[in-house]
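Student: The sequence and its predicted three-dimensional model are supplied below.
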Amino acid sequence: KAGVTQTPRYLIKTRGQQVTLSCSPISGHRSVSWYQQTPGQGLQFLFEYFSETQRNKGNFPGRFSGRQFSNSRSEMNVSTLELGDSALYLCASSLSGRNTEAFFGQGTRLTVV
Amino acid sequence: GESVGLHLPTLSVQEGDNSIINCAYSNSASDYFIWYKQESGKGPQFIIDIRSNMDKRQGQRVTVLLNKTVKHLSLQIAATQPGDSAVYFCAERPGGYNKLIFGAGTRLAVHP
């Protein structure tokens, strides 16, 4: 069974640009969550999608958005990039509902210059 | 590989010893807890989970203990091996479906 796949693995963008990251969950998993990981702030929850609906949202500005497609694949978008957006962006997939294991992908390393 | 955290607390152990990694969680409403292992350049890897109606759960070479009274979680690794060297995170789920709140992490360094 394939794991969580995130693309691209590495990305370099310029301040002010926008970026779209992609996540394909484990087959059969309907919940996709996104996290930002930085050395200073650690792992922070961005948002969660389930059946194409955002179910939870963390404390990030509106520049961070996401969506989920009918096949459960998810994308997150960051507009008007800032230097502080440089981070490892991780996607996690779960079957559904509460108290189910969340499996992470390898992440996308975003560098904003 | 990429640095997960620059100033994480580090636990250094000898190969073959038992390791205990501690974590204080923040939300009394959390009812599900997970330990993750993260190696350099990789995403967090699920190790073991525990629900709040349990005090202890055992896996292969790992045991998680939960003390809800003091909001404390620990991960015990038996016969620690060099391959166990990584950063370990505890995570709590405060009732909001699949939203996880992560601890700061502990770096485990295993010496031969």
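Tutor: That came in fine, so what should we check first?
Student: Next, give phi and psi for the closest residue to A:Arg63 other than its chain neighbours.
Tutor: Nearest non-adjacent residue to A:Arg63, counting by C-beta to C-beta, 6 or more residues apart in numbering or on different chains: A:Ser79, 4.9 Å away. Placement of C-beta: from N, CA and C, glycine included. Dihedral angles of A:Ser79 (phi, psi; degrees, to the nearest 10) stand at phi -100, psi 160.
Student: Return the distance of A:Ser79 relative to A:Gly58.
Tutor: Separation of A:Ser79 from A:Gly58 (C-beta to C-beta, to the nearest Å): 17 Å.
Student: And B:Pro44, by the same measure?
Tutor: B:Pro44 is 17 Å from A:Gly58, by C-beta to C-beta.
Student: again with B:Gln81
Tutor: Counting by C-beta to C-beta, the gap from B:Gln81 to A:Gly58 is 35 Å.
Student: higher neighbour count, those two?
Tutor: The neighbour comparison of B:Gln81 against A:Gly58 (other C-beta atoms under 10 Å in any protein chain shown) goes to A:Gly58, with 16 against 13.
Student: The residue nearest to B:Gly16 when sequence neighbours are not counted: neighbour count?
Tutor: Using C-beta to C-beta, 6+ apart and skipping the chain neighbours, the partner closest in space to B:Gly16 is B:Ala79 (5.7 Å). Around B:Ala79 there are 11 other residues, counting by other C-beta under 10 Å.
Student: so which strand or helix has B:Ala79?
Tutor: Taking DSSP states H and E as the definition, B:Ala79 sits outside all helices and strands.
Student: and if you look at A:Leu21?
Tutor: Element membership of A:Leu21, judged by DSSP H and E, is strand A:19-24.
Student: still on that earlier bit, for the residue nearest to B:Gly16, give me its contacts.
Tutor: B:Gly16, B:Asp17, B:Asn18, B:Arg61 (C-beta atoms under 8 Å, 6 or more residues apart in numbering or on different chains).
Student: where are the low-confidence patches of chain A?
Tutor: For chain A, the stretches flagged by pLDDT under 70 are A:1, A:97-99.
Student: Write out the residues of it neighbouring chain B.
Tutor: Within chain A, the positions near chain B by C-beta under 8 Å from any C-beta of the partner chain are A:4, A:6, A:31, A:33, A:35, A:37, A:39, A:42-45, A:48, A:50, A:55-56, A:58, A:88, A:90, A:92, A:94, A:97-107, A:109.
Student: Much appreciated, bye for now.
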